[in-house]
Structures are given as C-alpha cells and as structure tokens.
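Asks: Fold the following, please.
(one chain, ligands or ions: 1)
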Amino acid sequence: MEPLGKLRLGVNIDHVATVRNARGGAYPDPVRAAKLAEEAGADGITAHLREDRRHITDRDIDALMEALSVPLNFEMAATDEMQKIALRHKPHAVCIVPEKREEKTTEGGLEVAREENRLAHFIAPLREAGCRVSIFIAADRPQIEAAARIGAQVIELHTGAYCDAHAEGRFDDRDAELVRMRDMSAFAHELGLEVHAGHGLTYDTVKPVAAFPEVMELNIGHFLIGEAIFRGLGPAIAEMRRLMDEARA
Ligand code: PXP
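Replies: From the prediction side, this is the model:
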C-alpha cells in the first residue's frame, strides 16, 4: 500500500523546559527551541502540560500559542483543569495522555475502554471548540475500537515498548511489537481514525514506524533534545526528517 500522505513531524519541546527548570531560570527557552524547530522543518510543536508542571508551564503554553506559526499539539491528562486550559487556548490539536505523578515519562497508553463514558463526555467540548482530538494508546484492538466509539479523530500509538525492546536487544519482542503496531495502524485506519505514533523514537528506531502507510504524524522529543547537544537542534531535526522521508520513499 502507498503511504496515505506526507508524514508530519511534531517536535516535542518538553525537555528544553526540563533543562531550564533544573535551575529555575529563563533559559534555555522552549519557545526559542520551538521557533528553531519550525525553521528546521517541524510540521508541528508538541508540549505536555503536566499536572505537576515539571517541565512545560502555563506561561510556556501562553507564549507558544502566541509565537508559533505551525500548529500546537497540546498534550494533557483528562482532568477538568486541563480541559479548561485547552478550551481557553483552543490549540490545533489536543492529545489525551494518561498521567501518573510518580512516573518519569508517559509509561503506557490510556485505558480508553475502561473509561469510555467519561472520556466521551470529556472530549466532546474540545471537538466542539475545533480541536483535533487524539488519544494516546497502546496498539491494542479494544482500545482502538473504544477510541473510535468515543469520537476521537486520531489515535497516537505508543511506540515505547518497541523502542525499549530495541534498546535492550530484545529483537524478537521488538519485531513482534512492530508487527502489532503495523496491523493496528491498518485496523485504526479502517475504522476511520487518523494514525499517529510516538514515544522513545530515535534515529535507530524511526524508520520502520515511518514506513507504516497509515501513519500520518510522528511526535518525537527526548532523543532530539539530547541529540541537539551534539549537533544543534536544527541539524538534529533535519536528520530525523531525512530518515522519515527515506523510510517513506
Ligand atoms: N507522544 C506522546 C503522546 C508523549 O506523551 C510523548 C512524551 O511526552 C511523546 C510522543 C514524545 O516522546 P519522546 O519524548 O520519548 O520522544
């Protein structure tokens, strides 16, 4: 099957804020990083306003909404506080993620099937406000079916298990995850959902996922911000873009 369209790259700038917050000052500025990412070819900027504000802050979101020329993908937990913030800003996209205070990063996908009713009511006003609503889930059939039923337009597949298996040299697990994600991308597309993917992707792991014809957007952050230390943010993003295009060709 031919790819369904151009594969977009959303650059997640959370960890620019992590470095800034380590000292509590004003630099490095995530908005400056976002503008640089735009210049380097990012199709969108992703930022996760966590409940504990450990990286991105409310002021960062205000400033990003003001400064960006590309769409903002606002990642948030399904809480009343976050819904109010999203409805005030009306970003292009909202991605609903599970959140636990004690976790280092978003460890798993959202349990949509278990909370179907609540989530359906939660995302309805966001959709009405014109936000494209995405649900971050594991490549799991019941979760995908539930995402479609609650009225999400997009699912983002959690690539963390695939990336961890690669990093730990568990190549059979890695390949099994890839097959699962590929099959579930096709299944989600059949249900009318747009498919995105992200979490933990690196230069070594991006290509097989970028090659799934139904995947329309990848959201990548931590690796790119780390790689920027060595080659600069613009070149780090340009190399990711090149690998994505190569995989897609
Ligand atoms: N997509 C979602 C929904 C996420 O929560 C994250 C991490 O915040 C990412 C993508 C990016 O993951 P990473 O920073 O590991 O590239």
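Asks: Give me the sheet partners of the helix or strand where G10 lies and which way each runs.
Replies: Using DSSP states H and E, G10 sits in strand 8-12. According to DSSP bridges, strand 8-12 has the following sheet partners: strand 44-48 (parallel), strand 215-220 (parallel).
Asks: Run through who's touching that strand.
Replies: Applying C-beta atoms under 8 Å, 6 or more residues apart in numbering, the external contacts of strand 8-12 come out as 34, 37, 41-48, 73, 75, 196, 198, 216-222, 224, 237, 240-241, 244. Where you see a C-beta, it was placed from the backbone N, CA and C, and this is true even at glycine.
Asks: Tell me who's in contact with the residue nearest the centre of the chain.
Replies: Taking C-alpha atoms, centre = their mean, the centroid of the chain lies closest to N219, which sits 4.0 Å from it. Neighbouring residues of N219 by C-beta under 8 Å, 6+ apart: G10, V11, N12, T46, N73, C95, E156, H196, A197, G198, H199.
Asks: on that earlier part again, which of the contacts of strand 8-12 come close to the ligand?
Replies: Residues of the contacts of strand 8-12 in contact with the ligand (C-beta under 6 Å from any ligand atom): H48, E75, G198, N219, I220, G221, H222.
Asks: in the chain, what spans have low per-residue confidence?
Replies: For the chain, the stretches with pLDDT under 70 are 101-102, 106.
Asks: Against which helices or strands is the longest helix along it packed?
Replies: For the chain, the helix with the greatest residue count under DSSP state H is helix 171-190. Packing partners of helix 171-190 (3 or more C-beta pairs under 8 Å, 6 or more residues apart in numbering; DSSP states H and E): helix 141-150, strand 154-158, helix 160-167, strand 194-198, helix 206-210.
Asks: Mind putting the ones you listed into JSON lines with mean neighbour count and distance to L126?
Replies: Shown next, in JSON lines, are the helices and strands packed on helix 171-190 (neighbours: other C-beta atoms under 10 Å; distance: least, C-beta to C-beta, whole Å):
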{"stretch": "helix 141-150", "mean neighbour count": "20", "distance to L126": "11"}
{"stretch": "strand 154-158", "mean neighbour count": "27", "distance to L126": "12"}
{"stretch": "helix 160-167", "mean neighbour count": "20", "distance to L126": "25"}
{"stretch": "strand 194-198", "mean neighbour count": "25", "distance to L126": "16"}
{"stretch": "helix 206-210", "mean neighbour count": "20", "distance to L126": "26"}
